[in-house]
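Student: Any chance you can model this:
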Amino acid sequence: MTDRTLRQMGRDRFPTDPRRATVLGEIHARPFPLITLPRAVITIAFMTQDGGLKDRATLGELSRRQGVPPPSADARTHSLVFGRGRLRWESHTEFSTYTWDGPTPERFGNQVEGHPFGAEFTPPGPMIAGVHLEIRPKDEDTEKGLAIFDKTSLCYSEMEGGLAFAATDFRQDSDGLTRMLILSNGLTQARAGALAMRLVDLEVYRTLALLGLPLAQDIAPTVQGLEEHLVHITNEMKGGAEESRELLQELTLAAAEVEAAAARVLYRFGASRAYDDIVRERLSAVGEQPVPGSESWNAFLQRRMAPAMRTCLSIDRRLAVLSEKLSRAADLLRTRIDVELEHQNRDLLTSMDKRARLQLRLQQTVEGLSVAAIAYYVVGLFGYVAKAVEAEGFPVSATILTAAFVPIALVGVWSVVHRIRTSHRD
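Tutor: The predicted model follows:
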């Protein structure tokens, strides 16, 4: 049996999970390009606002212009030749990137020609980040390109174990792109492509990570106001039941505001933490080593990004703590109101018990009177019988018979009423 037959039998014998192709394909979905020096790389990231419809419209127009098929509706990457370079599109969770690599200009810092991002390019959404990166061999002439960077924010480090030196000032040129320069000291095509894309990712994900800062600054006054309101409510938690119910309503409204604020920042702060982790990972992957006399990329980014990320983390924690404190205060007020209601119910039951005893005494009084009244009527009826018997010649007078019957009537009526009351009590 040949190896081909065995492989075919394996494919036929084992059922395949429908997700397997997607999972395996994801590993190879975004390979690093092979870059031949010198090369210019321009990457622009756009926020996705309509589920990628504008992205596909832009890609469809670019593809038709170049005479190639547009990407499929479920594609997450697409590549095509554009001019003397290649354009690559990648779709991410909330943004998409367009990366073009092509020939470098004569000198670093000059305008790059031949890219697709000209007047005919239709942006699929608002631009969030952009990078103009060039990879050139390291020599005296290319090192002159470092002079265009702002010396106050210049970052210059050794990377890839000494095979490259990378510089940037994290400032934007006239096109709004962050300038970066890689000086190769023996990079292969694969390592040059990997280093370039990792440095591009640094700028894109750095920008996305800092999107949480404006939101944190915007919501900070609201959080502070809610904290002060909570202090006011806890200081007022000394009144009676009516005041407690009013305070509980205030606490409920404050808790609703806190949850609304937490829901508002939940995704953005979570995304900022994830992007910050990616920035740290990219910094670790490039193998940066500081160059004496120059600031490193890692030191610069940490000094600028760490305070912003701590601000986001602080607001996130304050919201969580505020929600917990509001919940505890509400529980305390509910317990207090429940205790007060139990006291009221106890007093009500005591009052009802007294009222029931009074009703019982009244009932017993009424029952005594009713025995006398019923006996009176029974004796009256018996009097008619006694008179009739006397008229027939009975030797005892009707008055004596009636008088003798009075105790019997009282005992009999009392006995009947007592039996009825006893059966009701049972």
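Student: ranges for the strands of the stretch 101-250 of the chain?
Tutor: 127-137, 155-159, 164-172, 178-184 (DSSP state E, counting those that start in this stretch).
Student: closest to E281 out of those?
Tutor: For the strands of the stretch 101-250 of the chain, proximity to E281 was assessed by CB to CB; strand 155-159 is nearest, at 14.7 Å. C-beta here means a position set from N, CA and C on the backbone, and glycine is covered the same way.
Student: between the closest one and strand 178-184, how many degrees?
Tutor: Relative orientation of strand 155-159 versus strand 178-184 (axes from the mean of the first three to the mean of the last three CA atoms, to 10 degrees): 40 degrees.
Student: so what does strand 155-159 touch, helix or strand wise?
Tutor: strand 164-172, strand 289-290, helix 297-391 (3 or more CB pairs under 8 Å, 6 or more residues apart in numbering; DSSP states H and E).
Student: ok, back up a step: out of the strands of the stretch 101-250 of the chain, which gets nearest to L211?
Tutor: L211 lies closest, by CB to CB, to one member of these: strand 127-137, at 7.9 Å.
Student: Can you mark which positions in that closest one are buried?
Tutor: Judged by neighbour count (16 or more other CB atoms under 10 Å), strand 127-137 contains these buried residues: I128, A129, G130, V131, H132, L133, E134, I135, R136.
Student: Kindly indicate which of the residues you listed lies nearest V258.
Tutor: Minimum distance to V258 across these is 29.4 Å, recorded for I128 (CB to CB).
Student: what residues are up against that closest one?
Tutor: By CB atoms under 8 Å, 6 or more residues apart in numbering, the contact set of I128 is A45, F46, M47, F95, V204, T207, L208, L211.
Student: Any stretches of this structure with poor pLDDT?
Tutor: Scanning the chain with the threshold set as pLDDT under 70 gives 1-13, 25-29, 238-242, 364-369, 424-426.
Student: returning to what we had before: closest to V258 out of the strands of the stretch 101-250 of the chain?
Tutor: Across the strands of the stretch 101-250 of the chain, closest to V258 is strand 127-137 (CB to CB), at 29.4 Å.
Student: quick one, the closest one and strand 178-184 angle?
Tutor: Using the same axes, to 10 degrees: strand 127-137 against strand 178-184 is 20 degrees.
Student: Just checking: what are the partner strands of strand 127-137?
Tutor: strand 39-47 (antiparallel), strand 178-184 (parallel) (DSSP bridges).
Student: got the contact list for the helix or strand just after the first one?
Tutor: Proceeding N to C from strand 39-47, the next assigned helix or strand is helix 53-66, under DSSP states H and E. Outside of helix 53-66, the residues that reach it under the criterion CB under 8 Å, 6+ apart are 46, 48, 69-71, 73, 78, 80-82, 87, 89, 91, 96, 116, 121-125.
Student: Could you chop the chain up by domain?
Tutor: Domain assignment for the chain by automatic domain parsing gives 30-193, 212-347, 360-425.
Student: tell me the two of the contacts of I128 that are most distant?
Tutor: F46 and L211 (13.8 Å).
Student: I'd like to know how many residues surround I219.
Tutor: Around I219 there are 17 other residues, counting by other CB atoms under 10 Å.
Student: who are the neighbours in contact with it?
Tutor: A261, R264, V265, I315.
Student: Report the buried members of those residues.
Tutor: Among those, those buried by neighbour count (16+ other CB under 10 Å) are A261, V265, I315.
Student: Give me the buried positions along stretch 56-73.
Tutor: R56, T58, L59, L62, S63, P70, P71.
Student: now stretch 261-280
Tutor: A261, A262, V265, R268, F269, A271, S272, Y275, D276, I278, V279, R280.
Student: Out of those residues, the closest to Q363 would be?
Tutor: A262 (62.1 Å).
Student: Quick check: the closest one touching R317?
Tutor: No: A262 sits out of contact with R317 when judged by CB atoms under 8 Å, with a separation of 11.1 Å.
Student: sorry, back to before: now the strands of the stretch 101-250 of the chain as a markdown table including distance to A329?
Tutor: Conversion of the strands of the stretch 101-250 of the chain to a markdown table gives the following (distance: least, CB to CB, whole Å):
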| stretch | distance to A329 |
| --- | --- |
| strand 127-137 | 41 |
| strand 155-159 | 49 |
| strand 164-172 | 45 |
| strand 178-184 | 48 |
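Student: Report the beta-bridge partner residues of L133.
Tutor: Beta-bridge partners of L133, as defined by DSSP bridges: V41, M180.
Student: show me the contacts for it.
Tutor: A40, V41, I42, T43, R179, M180, L181, I182, A196, L199, V200.
Student: one more time with 7 Å, if that's ok
Tutor: With contacts defined as CB atoms under 7 Å, 6 or more residues apart in numbering, L133 is in contact with V41, M180, I182, A196, L199, V200.
Student: how close does it get to A73?
Tutor: 31 Å (CB to CB, to the nearest Å).
Student: so which of the contacts of I128 is the most crowded?
Tutor: A45 (26 neighbours).
Student: Can you tell me who it pairs with across the strands?
Tutor: Beta-bridge partners, per DSSP bridges, of A45: T97, A129.
Student: coming back round to it: check the buried ones among the contacts of I219 against F405 and report the nearest one.
Tutor: Closest to F405, out of all of those and judged by CB to CB, is A261, at 90.3 Å.
Student: count of residues packed around the nearest residue to R171 once chain neighbours are set aside?
Tutor: Nearest residue to R171 in three dimensions, chain neighbours excluded: D150, at 5.4 Å (CB to CB, 6 or more residues apart in numbering). Neighbourhood size, D150 [other CB under 10 Å]: 11.
Student: So which of the strands paired with strand 127-137 is nearest E143?
Tutor: strand 178-184 (6.7 Å).
Student: Next, the angle from that closest one to strand 164-172.
Tutor: Going by the same axes, to 10 degrees, strand 178-184 makes 170 degrees with strand 164-172.
Student: circling back to that earlier point, including distance to L24, could the buried ones among the contacts of I219 go into TSV?
Tutor: Output for the buried ones among the contacts of I219, formatted as TSV (distance: CB to CB, whole Å):
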residue	distance to L24
A261	42
V265	36
I315	40
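Student: which among these gets closest to V112?
Tutor: V265 (38.5 Å).
Student: My read is that the closest one contacts Q217, right?
Tutor: No: between V265 and Q217 there is no contact under CB atoms under 7 Å: 11.4 Å.
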